[in-house]
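**Q** Below are the sequence and a predicted model for it; my questions follow.
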Amino acid sequence: MKIAIVAVGRLARSPETELVRTYVERATNAGRALGLGPVEVIEVEARKPGKAAEAEALRPHLSDAQVIACDEHGQARPSRAFATEIAALRDRGVRRLVFLIGGADGLDPALLSQANGRLAFGPQTWPHAMARAMLAEQIYRAVTILAGSPYHRD
C-alpha cells in the first residue's frame, strides 16, 4: 500500500524538513517487506487564498485513495492503534493511503466530510512543519511496530 502525506504549502529548508525526509526514507525502506510504501510527501500550493482554493489543490491527489485528514477535531490514537489501523487498511486491499494536512486555517469542511477518517495530534496547536514531522515519525513508528521491532511501551 502506497502512503502519501499531502500538505498545503512548501516547507523551506529547516530541521523539521530534514526530519520529515529522514522518517519518510526510513518508513519506505522498512515498509517494503510489509507491503507498505513507498511513502511520499506531496506539497501543493493554492492559486488563491482560502480553504476552498486549498481543497481544489489537494483534490487531484485523492483519487482512488483512503483519506485520513489531520484535523484538530480528529481522534488521537496511540502508536500501536495507529499501526494496527494502517495494517488493517493494507490487509483490506487499500492500495493508497493519503494523509491530508491543510493550510494555516485547516482543511475545507467539504474536504473533511469526504475523508474516511480524521487524525489529531492531541489538543495542542502545532506549527505546520512540526505536524508533518510528527506524522512522518508516526508512519515510520507504525511500520517498525508492524515489523515486530521492539517498542518502548512493551
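**A** Arrived safely.

**Q** and the residue found closest to V67 once you drop the neighbours it is linked to in the chain, what is it in contact with?
**A** Take V67 and drop its neighbours on the chain: the residue closest to it by Cβ to Cβ, 6 or more residues apart in numbering is A115, 4.6 Å away. (Each C-beta comes from the backbone N, C-alpha and C, glycine too.) Neighbour list for A115: V67, I68, A69, L100 [criterion: Cβ atoms under 8 Å, 6 or more residues apart in numbering].

**Q** out of those, which are inside strands?
**A** V67, I68, A69, L100 (DSSP state E).

**Q** Highest neighbour count among these?
**A** Greatest neighbour count in these, by other Cβ atoms under 10 Å, goes to L100: 27 neighbours.

**Q** looking at it, it is touching G74, isn't it?
**A** No: in this structure, L100 is not within contact of G74 by Cβ atoms under 8 Å, at 10.6 Å.

**Q** start to end distance for stretch 46-57?
**A** Stretch 46-57 has an end-to-end distance of 6 Å (Cα to Cα, to the nearest Å).

**Q** So for that stretch, what gets flagged as buried?
**A** A46, K51, A53, E54, A55, E56, A57 (16 or more other Cβ atoms under 10 Å).

**Q** Alright, I will stop here.
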